[in-house]
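Peer 1: 3D, please:
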Amino acid sequence: MRAIDVVRKLAPSALNDYLTAFDQGDALLDAAGISSPLRLAHFLAQVMHESGGLTIRRESGKYSAKRIVEIFGVNVHSAAVTKSEAAKLAGDGPALFERVYGLGNPRKAKELGNINPGDGWKYRGNGILQTTGRANHREMGERCKLGNLFEVSPDQVTSAQHALKPALAEWVAGNCNDLADKNDIRSITKKINGGYNGYEDRINWFNKIWKLVGSDDASWSVASGDAETEKLQRDLNELGATLKVDGRTGPETKAAVAAFQKANGLKVDGLAGEQTKAAIAQRLATTKPSLPTASIVPQAPVKEIVGGTATIGLSELTRQAGAALAPYQDLSEYVRWGMLGLTIIGGGWVAFGLVRSYVIPAIWKPTPVVLS
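Peer 2: Down below sits the predicted model:
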């Protein structure tokens, strides 16, 4: 099924420029590698959410005070808009976006490349994937081989001729095809949104689209496995789960993640985020038996027989000398040679003592002298 067929069926109120862009956009989609049902479904799910079912050209900014706090409030966004500020900014798009995207929020302004007064409003969310910020407008134009067109004329981002281009450029830049192949909508959302705003809505869009473009198989079952998910499945199995280790995040894997989260006092969503993975690692570290410390078992020294008496051979003395010097391999040549000499001398005295005590008495037995 073509993308335009999905759009016409699921977005009956889509803007004409967007409809034209999709109707003429098959070659652009192919060039961007959106060549499988899974990739198409994930791309369109992000598009539909970001553009309100292809009905939004630009981010309006006509938010209520409550909505401003939800999106840009303290502990939510770098702007950290307070309730009192939100009450003043409600309904005033230019003032709001200058406060959260522009010079009123230096940290975000630097990130977005908004360097002039008014840039927050001029380069607010734009087009079918809501390109935001002066720097992003410039970058997408360059990626589309259009120079600084989108920076100079932001309205071109939503034109029928160009609407798909910046969205596809952003998709490719984020390696979203690879994530789509893994059916990883969470990571795709982070790439496109910078966070997880509207995550559930994106999932709902995906499910609707998959029914049209996918097979009878569940989307996760046709996805490619990945090493990270395989590790997650193995770790959960270590903790008592009975998952098939295939690298695919299906219902059973999500249920196992949710069960772990519930048992360990975490937010239960079935998604293995960083906090959940850290908790799994900690649990594994405390439940796995520690390996016994390796002990060095000394080998019995090789012995030679001299005159019927067992003595330590020269080869064994050499081995022991090397072993004695092993801890000192990083010392200077002079020190190491000096220690070797001392070791040899010490070994010589040991050998001499053994010969005097055992070998000589065994070979030479003088005739006893009887005193009269």
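Peer 1: make it CA atoms for all contacts and neighbour counts henceforth
Peer 2: Fine.
Peer 1: ok, which stretches of the stretch 151-300 of the chain are helices?
Peer 2: Assigned by DSSP state H, counting those that start in this stretch, the helices in the stretch 151-300 of the chain fall at 164-173, 176-181, 185-193, 199-213, 227-238, 251-263, 274-287.
Peer 1: could you point out which of the ones you listed sits nearest residue 35?
Peer 2: Residue 35 sits nearest to helix 176-181 of all those, at 9.3 Å, using C-alpha to C-alpha.
Peer 1: torsion angles phi and psi at residue 73?
Peer 2: Main-chain torsions, residue 73, degrees, to the nearest 10: phi -80, psi -180.
Peer 1: got the contact list for it?
Peer 2: Residue 73 makes contact with 79, 80, 81, 82, 83 under the criterion C-alpha atoms under 8 Å, 6 or more residues apart in numbering.
Peer 1: which pLDDT value goes with it?
Peer 2: pLDDT, residue 73: 93.
Peer 1: now the closest residue to residue 68 other than its chain neighbours: phi and psi?
Peer 2: Spatial nearest neighbour of residue 68, excluding adjacent residues (C-alpha to C-alpha, 6 or more residues apart in numbering): residue 86 at 6.0 Å. Per-residue torsions, residue 86: phi -60, psi -40 (degrees, to the nearest 10).
Peer 1: now do the end-to-end distance for stretch 55-70.
Peer 2: By C-alpha to C-alpha, to the nearest Å, the extent of stretch 55-70 from end to end equals 23 Å.
Peer 1: buried sites along it?
Peer 2: Going by neighbour count (16 or more other C-alpha atoms under 10 Å), the buried part of stretch 55-70 is 55, 56, 57, 58, 59, 60, 61, 63, 65, 68, 69.
Peer 1: name the surrounding residues that touch the strand or helix carrying the last one.
Peer 2: Using DSSP states H and E, the element containing residue 69 is helix 65-72. Around helix 65-72, the neighbours that count as contacts under C-alpha under 8 Å, 6+ apart are 76-83, 86-90, 100.
Peer 1: among these, which lie within helices?
Peer 2: If you go by DSSP state H, these have 83, 86, 87, 88, 89, 100 in helices.
Peer 1: what pLDDT, on average, does stretch 214-223 get?
Peer 2: 78.
Peer 1: just use 25 as the starting number from now, easier for me
Peer 2: Yes, from this point I'll number from 25; that puts the last item at stretch 238-247.
Peer 1: buried residues in it?
Peer 2: Neighbour-count burial for stretch 238-247, counted by 16+ other C-alpha under 10 Å, picks out 238, 243, 244, 246, 247.
Peer 1: again, but for stretch 95-106
Peer 2: Result for stretch 95-106 [16+ other C-alpha under 10 Å]: buried residues 95, 96, 97, 103, 104, 105.
Peer 1: then stretch 263-279?
Peer 2: For stretch 263-279, burial by neighbour count (16+ other C-alpha under 10 Å) applies to 265, 267, 269, 270, 271, 272, 273, 276, 277, 279.
Peer 1: one more: stretch 62-79?
Peer 2: Within stretch 62-79, the residues that qualify as buried are 62-75, 77-79, counting by 16+ other C-alpha under 10 Å.
Peer 1: before we move on, the earlier item: among the buried residues of stretch 79-94, which one lies nearest to residue 293?
Peer 2: Relative to residue 293, the closest of those is residue 93; by C-alpha to C-alpha it sits at 24.0 Å.
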